[in-house]
Each structure stands twice: as structure tokens, then as C-alpha cells.
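**Student:** take a look and give me a structure for this.
(2 chains, ligands or ions: 2)
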Amino acid sequence: MVETAKRAKMEISDEVAIDITQMNKWYGTFHVLRDINMRVQRGERIVICGPSGSGKSTLIRCINRLEEHQQGKIMVDGTELTSDLKNIDKVRSEVGMVFQHFNLFPHLTILENLTLAPIWVRKTPKKEAEEVAMHFLGKVKIPEQAHKFPGQLSGGQQQRVAIARSLCMKPRIMLFDEPTSALDPEMIKEVLDTMIQLAEEGMTMICVTHEMGFAQAVANRVIFMDQGQIVEQNEPKEFFNNPKSERTKLFLSQILGH
Amino acid sequence: MTSQSYVRTEMVAAQKPPGVQTGIVLWMREKLFSSWLNAALTLVAVYAVYSILATVGPWFYRSVWTGSSLTECRATLAATYGEGVSGACFAVIRERWQQILFGFYPRELYWRPTLTLVLMLVALWPVLFSSAPRGVLWFSAAFPAVAFWLLWGGTVWLPVMILLGFAVGYLAYRLISPLNGLLGAIAAILAPIFWWLFLCGPAAELVQSVISIELRQLKSADFGGFLLSTVIGISGIVFSLPIGVLLALGRQSDLLIVRTVCVAFIEGFRGVPLITLLFVASLLLNYFLPPGTEFDVILRVIIMVTLFSAAYMAEVIRGGLAALPRGQYEAADALGLDYWKAQRLIIMPQALKITIPGIVGQFIGLFKDTTLVSFISLQDPLQLVSSIRANTQWNGVYWEPFLFVGFLFFIFCFSMSRYSMYLENKLKTDHR
Ligand SMILES: Nc1ncnc2c1ncn2[C@@H]1O[C@H](COP(=O)(O)OP(=O)(O)O)[C@@H](O)[C@H]1O
Ligand SMILES: [Mg+2]
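**Tutor:** Residues are numbered from 1 along each chain as shown, chains lettered A, B, ... in the order given. Ligands and ions are numbered 1, 2, ... in the order given. This next block holds a predicted model:
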């Protein structure tokens, strides 16, 4: 997939993008995230994997405060996430998110989906927002769909629109929550290609995904979660060839086996 | 052994389906007589339609349009068709249609409600059809005040000052919100209320004494007929939708006090018959108001009808909100839209679209419920029909005026229903 030359270009700076320390979260009495410590440098591409229900979604949703944590500290680009709405807005405008089910706005055209947040949140003039939107639609290779509605697009196209929609806000960090799990097999590649392209451009990315090919190609670190905890993390080669914990071995044998 | 391998050598072109029959006979066989039971039902239905038409048709056909009393009508009928033949006496409508439309509104001032109606159509134009020039929306926003002035008369400065209340609210918001956002919002609500309660009236009088522009003042007792129904119905429709939206949102709010107030309001108004509320409006409200305040009875009824309908509206809209996937809220949040922007741009457009049939159903119900005001001795169309029938000239006339009133209501409700279908079609973007 990606040659080493390209990979070398995906530089990681010393600057800290996300810093999570001793974070705990409960749903009611259910301790869903336990003692999470995680530091992400700018330019890192991190893949999070783990069995269903292990808290992967909850973890990345805490990073843009779609979920609230109860203990510990989350810093995003130097802003701490507290109940202060100003901070939350600031973080959300820096962090883009792509969902499993795309969550496009079905009553708006593709172009309107893309320009909505720039116009209403960033106060970009409409014309400029549309130019930016067309630029990113071109990047995800569907500029000709600009005036259709989401319902008229295939799943893969919708997910690429969703990625473009996030990019229109010029985020410094992108979160992906199983972006390909709702897609038919023949559409997975087109979405992954878009994500690889993004990684090559130096975007800081955190991806929850089970696409191990993607992890090996672009990730500089793989994090394995189980029962709300980070069980193991390593660079991809080591992680896949030489897993340390029994849980990781079991998980890998389940998804890579057969 | 036969070979399993097969390769098609020639592609088959599309052909006409076999044995397709068209024509009236086939249509009848399929739609009317497809089985013995269906055939029997068809015959019964045809007979029922025939017997209704056979009675009503001639009655309509033999209608009499001139005459000043029922006796005259009957005489004309007897002279034309012979003794004892029944026929419609539409002369009563010809003579009294203005009364059914306008109640006791002074005849020489009929131009005022008529002009209001025309202006209302202009005001509705940009609201109902997106192809209309957007600038007209400003007129639509000012229209309630214009209509109030045209219908009730009095000084022009009162509605102007009432409209100014919104400017006062905006000003208060601009002045105070830089200091504190929440305080600004509160000021934006309280300042106009203060203005309307205490300053609006005197200010209007003051300006009126300098520049006098006024129309002849009318009392609510002068209102009646279809004019009354329309004034109450349309005001109720226009105001209950936004209040309903706010109540629905309030009911879903995380703020305990807001939620409790909204739930209490909705359940309170839904738990009481409209008639009770109307009695409260006409009788009880006077006790609560400071003595000497002249609070127009139609205004009171409009407020009650609006609140009553808003409570139902809130529940209809809540259904629409509940039907939206959580992902829509999350996507809006993740893009950094704040609560109100997310509601306005993402959530409400979709929730309202889903609930168009429910909302319009509520509008239609509200409009027809306006006839209940006859119980608090306002002159709604049915009440007027009763008094026309009580008149010695028209004593005994029955179907004709009721048909006329029914026809007017039907036109109104049917247009709303058709418009809602048009809107649903226009907004259909899911392409499922
Ligand atoms: N809103 C919620 N309320 C209560 N429990 C939840 C909620 N969301 C998720 N959970 C539970 O938290 C656990 C972790 O969920 P999630 O983060 O979605 O896991 P993953 O994405 O790894 O599959 C699961 O056991 C799930 O049932
Ligand atoms: Mg998940």
C-alpha cells in the first residue's frame, strides 16, 4: 500500500495534540472506561481496536465531549475539556469526527451539508465556504454529486462526503469511529483510500477500526482495548507479529484467524 | 451425461408482456367486479350513491335564488314545479351571505376585512411558497399588526408601538448580552413585556395626539360570522406553531425547571376541554385582571385557543423529534453547532417535515373548533345561522344556510390539506 518513502513523510512532531491522564468514566454504575492514559503527538495516526463493547467508541467520543468523563483530565490542543461550553466549542471546532453511520443531514444537499458548519460556526462567507466544499469534494473524488441529496448516494460515497464535511472545518485532529463497518465490502476500499490520503498529508488521526491492513499501512501505533482499559499498545509491526498479552493474542487470532 | 457448461450465444431483446388487455371492460373487471363479493359491494355502493343523488340532485336543481322569505320561495317553487315539490331555497344565502361572512361588522366598513384578507394572501405568499421574493417576509412579519389595526381600527400608533416592542427586545439584547449572555436573553424577553404592559399604550396616545392617524374603532361585539372564525382560527394557527415548538423543546430540556413547567403546561391544557378554557376566557379571566382593564374578549379567546392548540402541537412535534436518529444530534454537536443553531438548522427542519400531516391536522381541528365560541355568546357562523332561522321571514329554512357555512369551512380546510400534501412532496429528499 504505502511505501516507506511516503511513510517517512508522515512526520510526527513533539507537539502534544491530545493528552488524557487517569481518565475514568461511568455509565450510571457501569465503569466503562478505567484509568485511561494516552498521549497523542501531532501527526500521529493511531488505530484503536478491541472487542465489541470494550469502550472504544466511548473513548474517542470523550475526546470531543460527545460523552462526559467523570474523573481525570483530557487536554485537546492545550484546551482542557470541562463543562465550560466555550472550551467545548473550541475543541469541537478543532476536532473532526466521522461516524459509523455517516450521520449526514438528509434534508440538505451534499454541498449544503459541507457548507453548513463553516457558514454558521466559522462565519465563512457562503461563496468562500462553497469553494472550500467543492475543493474537498474533489479530494474525496465526488465533486459531481454536490447537488444531490445524501439518500441518493451509495454508502461509500456518503462516508466520503462525511469525511469531506469534517475537513471543511479545517480540523487539526480527526476521529473515526468504525468508518467502514457499515459499508459493503466493495466500498470499503474507496473510504480507506481517502483516509490513507489524509494520513499522508500529515493529519493527526485516531481511528477505531478493525481494518488491520489499514493499521499496518498507515498507523504508527495500535492500541488494543478490552473491558474499558488500554491493554496493550505498540507500533503495528510488533503489535501484529509479536503481541504480548494473552487477550491481544486471542483477539488477533479471532479477527485474523480462519 | 449432459454437459453442465452453457454459453449464451444470442441476447434476447425486450418483448411486450403477453396478453395485456386494456380498455374499459378490463378496468371494470379488475377494479369493480374482481370477485363475487366485490361485485356485490360495487352494486350496493352504486345504489347508495344513486339514491342520494336522486334525492339531492333535483333538490339542488330546483333551487330558488330570489325572494325575501321562505314563503316567497315556496310560492315560486309551487308556481314553477307544481304544488308540494321540494327544492332548495338559496334566496336566504343571497340575502344574508354578508351577515354570515361578516357578522354585525358595519356594512360600510366591509372593505376593511376584505382588504385584510387580500393583504393576508400577500403575507402568506412568501411563507407558503419559497419561490416568492424573500423581501415580502418583512411584510409578513408586520402583517399581524396591520391586520389588527384594519379590523379593529383606532389609532395606527398602537400597532406600531406594539411592533416596536420587538425592536426594544432586540436593543436590550444587543446592549446587555456583551456583558452576560444569559442576562441578555432574559432582558430580551423582559424588556418587551415591560414595554407592552406599561409604555406601549401611553406612547401610542402621545404620538396620536401629535400626528393623528386613525380608523373608526370597532368593538369585539361587532365581529361575527366567518370573519370571527377566521380571525380566531388564523391567529391560533400562526401563534400556536412557534409556541408548540418551544414547548416540545422545553419538554426535552435537561433543565429540570424548564422541563417541569413545559410538562405541566402541556398536560394542563390537554387535560381540559376547550369549552372550559373558553368559559375561563370569557368569565373568570376578568376576576384575575386588575379592575378597569378592558381586555378584549376576542383577544382572550385567541390566547386560550392558541395555548390549547400549542399544547397539542408540542406533542405532535415531540413525536417528530423522537423519530430523529441520535446521530443527527451528534453530528451537529461534533461540527460545533450550538444548541439553537442545531435545532434551527438540523433538528427542527426534519422534525417538522415528518410531522406535517399531524400539524396540519391540528390546524384543521383548531379552525373547526372556533365554532365553539358560540357558547360564550360570540357570533360564530353557526350562531348566525340560528338567528337567521329564528327570523320570521326565514323560519323553517334548514339545510341551505348550514350547507353554505359547511362549504366555506370545507374550502378552507381542504386547501390546508392540499397544501400540506404539496409541501410534503416538495420537501421529500430522502429518496427511499
Ligand atoms: N449511553 C450508554 N448508556 C449506558 N451504557 C452504554 C452507553 N453507551 C455504551 N454503553 C455501554 O458501554 C460499553 C462500551 O460501549 P462502546 O464504547 O460503544 O464500545 P465499543 O465501541 O468498543 O463497541 C458497552 O458495554 C455498552 O453497552
Ligand atoms: Mg463502537
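**Student:** can you name every helix or strand that the strand or helix carrying B:Y422 contacts?
**Tutor:** Using DSSP states H and E, B:Y422 sits within helix B:399-426. For helix B:399-426, the elements it packs on are helix B:91-102, helix B:225-251, helix B:356-369, helix B:381-390, judged by 3 or more CB pairs under 8 Å, 6 or more residues apart in numbering or on different chains; DSSP states H and E. Any C-beta I mention is one placed from the backbone N, CA and C, and that applies to glycine too.
**Student:** mind running it again at 6 Å?
**Tutor:** Other elements packing on helix B:399-426 under the criterion 3 or more CB pairs under 6 Å, 6 or more residues apart in numbering or on different chains; DSSP states H and E are helix B:91-102, helix B:356-369, helix B:381-390.
**Student:** buried set for it?
**Tutor:** Residues B:400-401, B:404-405, B:408-409, B:412-413, B:420, B:423 are the ones in helix B:399-426 that count as buried (16 or more other CB atoms under 10 Å in any protein chain shown).
**Student:** do the same with stretch B:303-321
**Tutor:** By neighbour count with 16+ other CB under 10 Å, stretch B:303-321 contains the buried residues B:303-318, B:320-321.
**Student:** got a list of contacts for it?
**Tutor:** B:232, B:236, B:239-240, B:243-245, B:247-248, B:266, B:269-270, B:274, B:277, B:281, B:351, B:354-355, B:358-359, B:362, B:366 (CB atoms under 6 Å, 6 or more residues apart in numbering or on different chains).
**Student:** quick one on the thing from earlier: quick one: distance of the helix holding B:Y422 to the chain centre.
**Tutor:** 10 Å (CA atoms, centre = their mean, to the nearest Å).
**Student:** among the contacts of stretch B:303-321, the buried ones, what's the PyMOL command?
**Tutor:** Listed next is the PyMOL selection for buried residues among those, using 16+ other CB under 10 Å:
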select buried, chain B and resi 232+236+239+240+243+244+245+247+248+266+269+274+277+281+351+354+355+358+359+362+366
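**Student:** contacting chain A as well, which ones from the contacts of stretch B:303-321?
**Tutor:** For chain A, no contacts are drawn from the contacts of stretch B:303-321 by CB under 6 Å from any CB of the partner chain.
**Student:** can you list phi and psi of B:P133 for me?
**Tutor:** phi -60, psi 130 (degrees, to the nearest 10).
**Student:** can you give me the neighbour number for the residue lying closest to it once chain neighbours are set aside?
**Tutor:** Closest residue to B:P133 apart from its sequence neighbours, by CB to CB, 6 or more residues apart in numbering or on different chains: B:P126 at 6.8 Å. Neighbours of B:P126 under the rule other CB atoms under 10 Å in any protein chain shown: 18.
**Student:** just B:T76 next, same as before
**Tutor:** 18.
**Student:** spit out the contact partners of it.
**Tutor:** Contacts of B:T76 (CB under 6 Å, 6+ apart): B:V64.
**Student:** contact partners for B:V373?
**Tutor:** Listed by CB under 6 Å, 6+ apart, the contact partners of B:V373 are B:301, B:380.
**Student:** and B:C262, how far is that from chain A?
**Tutor:** B:C262 sits at a distance of 22 Å from chain A (criterion: CB to the nearest CB, to the nearest Å).
**Student:** quick check: buried residues in the host helix or strand of that residue?
**Tutor:** Secondary structure from DSSP H and E places B:C262 in helix B:256-270. Within helix B:256-270, the residues scored as buried using 16+ other CB under 10 Å are B:262, B:265-266, B:269.
**Student:** that one packs against which elements?
**Tutor:** By 3+ CB pairs under 6 Å, 6+ apart, helix B:256-270 packs against helix B:225-251, helix B:297-323.
**Student:** sorry, back to before: ligand 1: which of the helices and strands packed on helix B:399-426 is closest?
**Tutor:** Among those, helix B:356-369 comes nearest to ligand 1, with 28.9 Å by CB to the nearest ligand atom.
**Student:** list the buried residues in that closest one.
**Tutor:** So helix B:356-369, judged by 16+ other CB under 10 Å, has buried residues B:356, B:358-364, B:366-367, B:369.
**Student:** next one: stretch B:276-284
**Tutor:** For stretch B:276-284, by 16+ other CB under 10 Å, it's B:277-278, B:281-282.
**Student:** also stretch B:340-347?
**Tutor:** So for stretch B:340-347, counting by 16+ other CB under 10 Å, buried means B:341-343, B:345-347.
**Student:** how about those residues in TSV, adding secondary structure, distance to ligand 1 and pLDDT?
**Tutor:** As requested, the buried residues of stretch B:340-347 are exported to TSV (DSSP: H, G, I helix; E, B strand; the rest coil; distance: CB to the nearest ligand atom, whole Å; pLDDT from 0 to 100):
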residue	secondary structure	distance to ligand 1	pLDDT
B:K341	helix	24	93
B:A342	helix	19	94
B:Q343	helix	21	94
B:L345	helix	25	95
B:I346	helix	21	95
B:I347	helix	19	95
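**Student:** which stretches of chain B have low pLDDT?
**Tutor:** Along chain B, the model assigns pLDDT under 70 to residues B:1-3, B:18-22, B:289-294, B:430-432.
**Student:** re the thing from before, quick check: the farthest pair among the buried residues of helix B:256-270?
**Tutor:** Using CB to CB, those reach their maximum pairwise distance at B:C262 and B:F269, which is 11.1 Å.
**Student:** next helix or strand past the helix or strand containing B:L175?
**Tutor:** Take DSSP H and E as the rule and B:L175 turns out to sit in helix B:157-176. Using DSSP H and E, the helix or strand that follows helix B:157-176 in sequence is helix B:181-194.
**Student:** what's the helix or strand following the helix holding B:C262 packed up against?
**Tutor:** Counting by DSSP H and E, the next helix or strand C-terminal to helix B:256-270 is helix B:274-279. Here helix B:274-279 is seen to pack against helix B:297-323 when contacts are counted using 3+ CB pairs under 6 Å, 6+ apart.
**Student:** the inter-axis angle of the helix it packs on versus helix B:256-270?
**Tutor:** Here helix B:297-323 points in a direction 120 degrees away from that of helix B:256-270 (axes from the mean of the first three to the mean of the last three CA atoms, to 10 degrees).
**Student:** run the chain-centre distance for helix B:297-323.
**Tutor:** 12 Å.
**Student:** spatially nearest residue to A:A199, not counting backbone neighbours?
**Tutor:** A:A199's closest residue in space is A:V218 (CB to CB, 6+ apart), at 4.3 Å.
**Student:** which residues does the one you found contact?
**Tutor:** Taking CB under 6 Å, 6+ apart, one finds A:45, A:196, A:199 in contact with A:V218.
**Student:** and the helix or strand containing A:E238, which residues are buried?
**Tutor:** A:E238 is part of helix A:236-241, with elements assigned from DSSP H and E. For helix A:236-241, burial by neighbour count (16+ other CB under 10 Å) applies to A:236, A:239-240.
**Student:** A:I230: which of the residues you listed is nearest?
**Tutor:** A:F239 (12.6 Å).
**Student:** measure the closest one to B:S374 for me?
**Tutor:** 80 Å (CB to CB, to the nearest Å).
**Student:** for chain A, give me its nearest residue in the stretch 151-300 of chain B.
**Tutor:** B:G181 (9.7 Å; CB to the nearest CB).
**Student:** burial of that residue, as a residue count?
**Tutor:** 12.
**Student:** repeat for B:Y398
**Tutor:** B:Y398 has 12 nearby residues by other CB under 10 Å.
**Student:** ok, and the closest non-adjacent residue to it?
**Tutor:** Using CB to CB, 6+ apart, the nearest residue to B:Y398 is B:R389, at 7.3 Å.
**Student:** if I look at that neighbour, how far off is B:I347?
**Tutor:** 51 Å.
**Student:** same question for A:L256.
**Tutor:** When A:L256 is compared with B:I347 (using CB to CB), they lie 42 Å apart.
**Student:** wait, what's in contact with A:Q233?
**Tutor:** Per CB under 6 Å, 6+ apart, neighbours of A:Q233: A:221, A:223.
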